[in-house]
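Asker: return atomic coordinates for the entry below.
(2 chains)
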Amino acid sequence: MRKIFSRPHSLRDVSTHYCPGCGHGIAQRLVAEAVDSLGIRERVIGIAPVGCAVIAYDYWDFDCCEAAHGRALAVATGIKRVRPEAIVFTYQGDGDLAAIGAAETIHAANRAENLTVIFINNAVYGMTGGQMAPTTLLNQKTATTPKGRFAGNEGYPVKISEMLSLLEGVRFVERVALCSPADILKAAAAIKQAFKNQIEGVGFSLVEILSPCPTYWGLKPPEAIDWIKDEMIKTFPLGRIK
Amino acid sequence: MKNERVLMSGNEAIGEAALRAGCRFYAGYPITPQNELIGYMAEHIPKRGGVFIQAESELAAINMVFGAAAVGALAMTSSSSPGISLKQEGISYLAGAELPAVIVNIMRGGPGLGNIAPAQSDYFQATRGGGHGDYRCIVLAPSCVQEAYDFTQLGFDLADRYRNPVIILGDGMLGQMMEPVVLESPSPSLRDKTKKPWALTGCAGRSANIVRSFYLKEGELEKANLRLQKKYSLIKSKEVRYSQEYVDDARLIIVSYGSMARIARQVVMRLRHQGKRVGLFRPITLWPFPEERIKMLALKKMAPCFLVVEMSYGQLVEDVRLAVNGRAKVFFLGRGGGGIPSEKEILQTIQRIIRL
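Answerer: Model prediction:
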C-alpha cells in the first residue's frame, strides 16, 4: 500500500501540550510541511512567540529563536538582515502580533522586511486564561470581558491584516481558517506561498489563520469549528487580502 | 592598519571602536545626548559591510540586536537614560539567553524625561541588572574619549567571551566632548577565534539550535540560573578593573568614576602639589565592582577615609559602603539632575572631613 500521509521531517516525533481541538497543532504541522516541501529545513530560522505556542521549538525540528512578547518581528529583522540567506519566519498569536507587538509588526511590514509571518488569530489570550485579545469579537465573553466585548468600552476587533495591506512594503496577505479539510488545504497553500515569496525575495508576506480555541471559547471542539464558520468569518472574511 | 591620532567626540569614538572591533549590526533610536553615535553608525557601518537600522523604538532596537546576536553577529545598540529604561526587557532576555551584545548608555538627568545634561543616576540600573530576573551585565565606565574607544573594544571581547551583555556607561559630557584619540588597529584578538556553535545558522549538518531563556520544566530554570551565577562568579574573579592614584599613603581617598573622576582627579593633583595626602580610586568595571581592592584599602593599619563623589544622589556610595563594611568612614558628595560637583565643592567637602 502506498503511504500518502506521514509526519513531516521538520516536526519532531513528540506529543504536543495543546488542548483538544486547538488549532496550533494543525498550523504548526502546516508550517513544517511547507518547510519540507520547499526543501528549506536547513535554512529556516523560526521565531517562537510568547503564548500557547511558546515552546513551538520543542515541536519543530529546525533552528528556532525565542522572542519577548510582541517583539518577534524585531528579532526576525535582526536575524534576516544579518543572514539574508536564511529563511526567517515568525509564528505569532493575536495578542503578540496585534496588541503588544503592533508597533513591531507595522514597522517590519513597512520596511518591507523579506519575512514570512504566520499569524494565529483565535480571538482570545489562551495561555494566560482566556482574556480579551485585540481580535476578540464584539459581544464575545472572555475572562476580562465577562459581559461580552462592548465597543463603547473595549473598542472593536482589530483587523490588522487589512491595516497592513495598506502599507506599500507589504507584498502578500491572506486570511485562512482551520475549519474543514478544504479550508486547511487552502491554509497550507497560503503558508507555502508566503515562504516561497521569501525565497524569491518578494518581501513581507503574512498569513492570518483563524484558529479554534475551544477551551476559552467555552465550546466543544466541533462547536468551535462552527463558531469560526458562523461568527468569526463575519468579522474576519477569508481570502486573499493583498 | 597603523595607529592614527584623531580628534573625536566620545560618541564617535565609541562608534569607531565598535566598527574596528568587528561590530556589524547596529540598531538604535534617536535620543540626546547620544545622537552623534547613531549618526556615526548610520554613515559608517554600511561602508564596512554591516547593517544599520533606525528602529521604531528602543524596544525594537534591542530586540533587533537580540536577533542579530542570536545568529552570531557582533551587535550594538545605544541610547540615553529614558531609552535605556525601555531596553531593559531586551537586556534581561539577552542575559537569560546568554547572548553577547554591547549596549551604550550616554546618561542624562532623570527621573522621567529629566533633561539632557550629563548625569550618573543610572548606576543602580546598570549594575543591578536593570530588568527582571537575577542577572548581571558587565559595566565599563570610561572617563575620557580614549577610554570610550578602548573600553568599547574591550566590551565586545568580554561580551563574546562570556556570552553576556556589556554596558558602556558614559554620560552626556563624555559623549559630546572632543579629545584626541589614538585609534589602534586591533591586535588579533579573541574575537577572530570565538566560535559560536550555539548560533542560529540553519541546522545543516547538525541538530537544531534553540536560543531561549524559557525553562518551564521543574528545576530547569534553577539549573539555568545556577549556570549564570557560576559565570558571574568567574567574571568577578577575572574581570575587575580599576585605576588608583596616590592611594598608598592617603588619609582620604576619593572614589569616583567616569567624567566625575576627572574633576575629582584635578582636586587630588592640586592637593598633592601642596603635599596633602589625598588619593583617587576610580572603578572602571562598575560590575564586577572592585570591592576586594576597596576592602584592602580600608583594612590598612592607618585606614584612610573615603569620599565618594558622583553625579547622582548616592548610588556608587552604596557599593563603597558595602565594600568598606564599617571598617572606615565613608563620606558622600553628590549632585543630580545635571548638577556636577565642582572642584571647589569637592575641596570644601574634603576640608570639612579632614584638617588639611
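
Asker: per-residue pLDDT, whatever residue of chain A ends up closest to chain B?
Answerer: Ranked by C-beta to the nearest C-beta, the top residue of chain A for proximity to chain B is A:G78, at 2.6 Å. The way it works is simple: take the backbone N, C-alpha and C, and place the C-beta from them, glycine included. For A:G78, the pLDDT comes out at 98.

Asker: that one is in what secondary structure piece?
Answerer: Taking DSSP states H and E as the criterion, A:G78 maps to helix A:72-82.

Asker: I'd like the next helix or strand past that helix.
Answerer: Toward the C-terminal end, the helix or strand that comes next after helix A:72-82 (DSSP H and E) is strand A:87-93.

Asker: what does that next one contact?
Answerer: Strand A:87-93 is contacted from outside by A:27-28, A:31, A:35, A:40, A:43-49, A:51-53, A:56, A:67, A:72-73, A:75-76, A:79-80, A:97, A:101, A:115-122, A:125-126, A:133, A:194-195, A:198-199, using C-beta atoms under 8 Å, 6 or more residues apart in numbering or on different chains.

Asker: hang on, the earlier thing: number of nearby residues for the residue of chain A closest to chain B?
Answerer: Look at A:G78: counted by other C-beta atoms under 10 Å in any protein chain shown, it has 31 neighbours.

Asker: what sits against the nearest residue to B:G337 once chain neighbours are set aside?
Answerer: Nearest non-adjacent residue to B:G337, counting by C-beta to C-beta, 6 or more residues apart in numbering or on different chains: B:G109, 4.7 Å away. Residues in contact with B:G109 (C-beta under 8 Å, 6+ apart) are B:S81, B:N115, B:I116, B:A117, B:P118, B:A119, B:S121, B:G336, B:G337, B:G338.

Asker: I'd assumed B:S259 was in contact with the fifth one.
Answerer: Yes - at 6.3 Å, B:P118 counts as touching B:S259 under the criterion of C-beta atoms under 8 Å.

Asker: mind listing the shared neighbours of the two?
Answerer: Common neighbours of B:P118 and B:S259 (criterion: C-beta under 8 Å, 6+ apart): B:D171, B:M173, B:L174, B:M311.

Asker: mind checking which of these are buried?
Answerer: For these, a burial check counting by 16 or more other C-beta atoms under 10 Å in any protein chain shown picks out B:D171, B:M173, B:L174, B:M311.

Asker: contacts for the longest helix seen in chain A, please.
Answerer: If you go by DSSP state H, chain A has its longest helix at helix A:181-199. With contacts defined as C-beta under 8 Å, 6+ apart, helix A:181-199 is touched by A:26-27, A:30-31, A:33-35, A:37-38, A:40, A:87-89, A:114-118, A:171-172, A:174, A:176-178, A:203, A:205-207, A:209, A:238.

Asker: let me know the average pLDDT across the helix or strand following that helix.
Answerer: Where DSSP H and E defines the elements, the next helix or strand beyond helix A:181-199 is strand A:204-210. Mean per-residue pLDDT for strand A:204-210: 98.

Asker: what strands flank strand A:204-210, and is each parallel or antiparallel?
Answerer: Take DSSP bridges as the rule and strand A:204-210 pairs in its sheet with strand A:116-121 (parallel), strand A:170-177 (parallel).

Asker: and B:P165, its phi and psi?
Answerer: Reported as degrees, to the nearest 10, the phi and psi values for B:P165 are phi -70, psi 140.

Asker: what residues are up against it?
Answerer: Taking C-beta under 8 Å, 6+ apart, we find B:P165 in contact with B:I91, B:L94, B:A95, B:L99, B:P100, B:A101, B:V102, B:I103, B:C137, B:I138, B:A159.

Asker: how about A:S211?
Answerer: A:S211 is in contact with A:C22, A:G23, A:H24, A:I26, A:A27, A:I120, A:N121, A:N122, A:A177, A:L178, counting by C-beta under 8 Å, 6+ apart.

Asker: which residue is the nearest non-sequential neighbour of it?
Answerer: Counting by C-beta to C-beta, 6+ apart, A:S211 lies nearest to A:G23, which is 3.0 Å off, once chain neighbours are set aside.

Asker: burial count for the one you found?
Answerer: Number of residues near A:G23 (other C-beta under 10 Å) recorded here: 26.

Asker: can you name the residues that contact A:G239?
Answerer: Contacts of A:G239 (C-beta under 8 Å, 6+ apart): A:E174, A:R175.

Asker: distance of it relative to A:V207?
Answerer: To A:V207, A:G239 is 12 Å away according to C-beta to C-beta, to the nearest Å.

Asker: same thing with A:C19?
Answerer: Per C-beta to C-beta, A:C19 is found 22 Å from A:V207.

Asker: so how many other residues sit close to the closest residue to B:E4 other than its chain neighbours?
Answerer: Using C-beta to C-beta, 6+ apart and skipping residues adjacent in sequence, the residue nearest B:E4 is B:L183, 5.0 Å away. Other residues lying near B:L183 total 18 when counted by other C-beta under 10 Å.

Asker: surely B:L183 touches B:N3?
Answerer: Yes - counting by C-beta under 8 Å, B:N3 is a contact partner of B:L183 at 6.6 Å.

Asker: which of A:C19 and A:V207 has more neighbours?
Answerer: A:V207 (28 against 16).

Asker: the more buried one touches A:V176, doesn't it?
Answerer: Yes - between A:V207 and A:V176 there is a contact at 6.3 Å, judged by C-beta under 8 Å.

Asker: for A:A112, helix, strand, or coil?
Answerer: Following DSSP: H, G, I helix; E, B strand; the rest coil, the label given to A:A112 is coil.

Asker: burial check on it, number of neighbours?
Answerer: A:A112 has 15 neighbouring residues, counting by other C-beta under 10 Å.

Asker: do B:S85 as well
Answerer: Other residues within reach of B:S85, judged by other C-beta under 10 Å, total 18.

Asker: and the nearest residue to B:E291 once chain neighbours are set aside, how far is that from chain A?
Answerer: Of all residues not flanking B:E291 in the chain, B:A323 sits nearest, at 3.9 Å (C-beta to C-beta, 6+ apart). Note on B:A323: its distance to chain A, by C-beta to the nearest C-beta, to the nearest Å, is 35 Å.

Asker: thought B:P288 was touching B:A323, still the case?
Answerer: No - the criterion here is C-beta under 8 Å, and B:A323 misses it with B:P288 at 11.6 Å.

Asker: all good on my end, thank you.
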